[in-house]
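Peer 1: Sequence and computational prediction follow.
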Amino acid sequence: MNAPETMHPAPPQLHPQPRPEVMKIAAYVGGEGKLEGVNRVIKLSSNEGAFGPPPGAVAAYTKVASEIFRYPDGASTALRAAIGRRHGLDPTRIVCGTGSDELIGHLCHIYGGAGTDILMSMHGFTMYQIAGTYAGSRVIKVPERNLTTDVDALLANVTEATRIVFVANPNNPTGSLLPQAEMERLRAGLRADILLVIDAAYAEYVEAADYDPGVKLVDAGENTVMLRTFSKIYGLGGMRVGWAYAPAGAIDALNRVRGVFNVNIAAQAAAVAALAEPGWVEKGREHNARARARLSAALERAGIKVWPSHGNFFLADFATPARAAAADAALRARGLIVRAMGAYDLPHCLRITVGTDEECGLVAEALTAFMAAQKDG
């Protein structure tokens, strides 16, 4: 007789496995821009500039169309020089990136990694958490005070493992601003080997007299980096252009790891032209201050709490997640897209970008009608 065949378990299905940290990340979801069945959609969900790109930037973009088969200048030399002229900075201490998101990611990998901690405020920009987790760091969200970064709480959470502290100033999505004295107190309270990253994406909108976007703290030592972007007041979000002003050591490290040709030829040309557009920043800042105040006042008259903001957006607080969701639905029914804040642990709020006067008027009309219906119901 033949011996019975021995049964062997099927071999496991082997395939490449992502690092565990990667699978902890909730993918970033950008602001929506389309609604099915709606002819005219007004997108106020991504804090894009109210007036689109500067005319000079559009012209520069068009002009280089025949050159897009060429690789760009990998050092972004002309763009760094233009940034330096505009802001009075040394171009050798500037590095450009594919949006500031690229630079955030590189900083997390350069200074973070396994066994390190990265600190951020509870309601800070979610890319800090995504990039820090991807780098292998433990990202700690520190409680805020009245939706404002709490310097004392940040300092209390510093440990021997802390390597980076991210502060957006003004902060997205809360719109809050830390005074310069508080930023200086934070830097003074951190160890010298901890990198302070000041994300000043909305700097051009700030009107506070004592505001500094980070230049002073960068110049004061070797452990602070300032991030900026062309995606907001300059209206170039679709081009993906950001930049950092940093100590020489950080610039050297960033240049070693960034994409070789990270800022494309059209983006460089458009950004240089945007910087040179006469009165563009002043026009955008003046409009934003006026329109933000007017829309905020209209919503408050309707019974909606509005959190103070120093950016081109603000948080409308509906007290409960259910009411916020209902308000969002009412806006969407009229073709108005704003940003729900559940991903930022603020499910009772909607973030509303300050658009044109017409767009702000439509938001005010829609939410006034919504609140009136809530009272009648």
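Peer 2: Thanks, I have it. Numbers count the residues shown, from 1 in each chain.

Peer 1: Residue 321 - nearest residue in space that isn't next to it in sequence?
Peer 2: residue 347 (3.9 Å; C-beta to C-beta, 6 or more residues apart in numbering). Any C-beta I mention is one placed from the backbone N, CA and C, and that applies to glycine too.

Peer 1: pretty sure the one you found belongs to a strand, no?
Peer 2: No - applying DSSP: H, G, I helix; E, B strand; the rest coil, one finds residue 347 to be coil, outside a strand.

Peer 1: which residues sit in contact with it?
Peer 2: 321, 324, 340, 341 (C-beta atoms under 8 Å, 6 or more residues apart in numbering).

Peer 1: Equivalent analysis for residue 208, please.
Peer 2: Residue 208 neighbours (C-beta under 8 Å, 6+ apart): 177, 179, 310.

Peer 1: From residue 326, how far out is the closest residue to the first one other than its chain neighbours?
Peer 2: If the residues on either side of it in the chain are set aside, residue 177 comes closest to residue 310, at 4.3 Å by C-beta to C-beta, 6+ apart. When C-beta to C-beta, to the nearest Å is the yardstick, residue 310 and residue 326 sit 28 Å from each other.

Peer 1: Would you check that the residue nearest to residue 177 makes contact with residue 174?
Peer 2: No - with contact defined as C-beta atoms under 8 Å, residue 310 and residue 174 do not form a contacting pair (9.8 Å).

Peer 1: so what are the domain limits for this structure?
Peer 2: With domains defined by automatic domain parsing, the chain comprises 30-51+280-376, 55-276.

Peer 1: what about the first one, average pLDDT?
Peer 2: Okay, so that is domain 30-51+280-376. Domain 30-51+280-376 shows an average pLDDT of 93 in the prediction.

Peer 1: can you pull the contacts of the residue most central in space within the chain?
Peer 2: Ranked by distance to the mean C-alpha position of the chain (C-alpha atoms, centre = their mean), the top residue is residue 125 at 5.7 Å. Applying C-beta under 8 Å, 6+ apart to residue 125 gives the contacts 166, 168, 171, 172, 173, 199.

Peer 1: Make a markdown table out of the residues you listed and add neighbour count and distance to residue 121.
Peer 2: Formatted as a markdown table, the entries for the contacts of residue 125 read as follows, by neighbours: other C-beta atoms under 10 Å; distance: C-beta to C-beta, whole Å:
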| residue | neighbour count | distance to residue 121 |
| --- | --- | --- |
| 166 | 28 | 8 |
| 168 | 27 | 8 |
| 171 | 26 | 7 |
| 172 | 22 | 11 |
| 173 | 26 | 11 |
| 199 | 30 | 11 |
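
Peer 1: Can you pick out the most distant pair from those?
Peer 2: For those, the farthest-apart pair by C-beta to C-beta is 166 and 173; their separation is 14.4 Å.

Peer 1: Point out where the stretch 1-150 of the chain drops to low pLDDT.
Peer 2: 1-8, 10-13, 28-33, 37-38 (pLDDT under 70).

Peer 1: where do the helices sit along it?
Peer 2: 20-23, 55-63, 77-87, 99-111, 126-135 (DSSP state H, counting those that start in this stretch).

Peer 1: Make a markdown table out of those helices and add mean neighbour count and distance to residue 246.
Peer 2: Listed next are these as a markdown table, based on neighbours: other C-beta atoms under 10 Å; distance: least, C-beta to C-beta, whole Å:
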| stretch | mean neighbour count | distance to residue 246 |
| --- | --- | --- |
| helix 20-23 | 11 | 26 |
| helix 55-63 | 17 | 25 |
| helix 77-87 | 17 | 12 |
| helix 99-111 | 23 | 9 |
| helix 126-135 | 22 | 16 |
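
Peer 1: how about a markdown table for the ones you listed, with distance to residue 230 added?
Peer 2: Shown next, in a markdown table, are those (distance: least, C-beta to C-beta, whole Å):
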| stretch | distance to residue 230 |
| --- | --- |
| helix 20-23 | 29 |
| helix 55-63 | 9 |
| helix 77-87 | 9 |
| helix 99-111 | 9 |
| helix 126-135 | 16 |
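
Peer 1: what would the contacts of residue 208 look like in a markdown table with neighbour count and distance to residue 298?
Peer 2: Converted to a markdown table, the contacts of residue 208 look like this (neighbours: other C-beta under 10 Å; distance: C-beta to C-beta, whole Å):
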| residue | neighbour count | distance to residue 298 |
| --- | --- | --- |
| 177 | 23 | 23 |
| 179 | 13 | 28 |
| 310 | 24 | 19 |
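
Peer 1: Out of the residues you listed, the closest to residue 374 would be?
Peer 2: So of the contacts of residue 208, ranked by how close each gets to residue 374 (C-beta to C-beta), first place is residue 310, at 29.2 Å.

Peer 1: Now do the same contact list for the closest one.
Peer 2: Here residue 310 is in contact with 170, 175, 176, 177, 202, 205, 206, 207, 208 (C-beta under 8 Å, 6+ apart).

Peer 1: Who wins on neighbours among the residues you listed?
Peer 2: Within the contacts of residue 310, most neighbours by other C-beta atoms under 10 Å means residue 202, with 26 neighbours.
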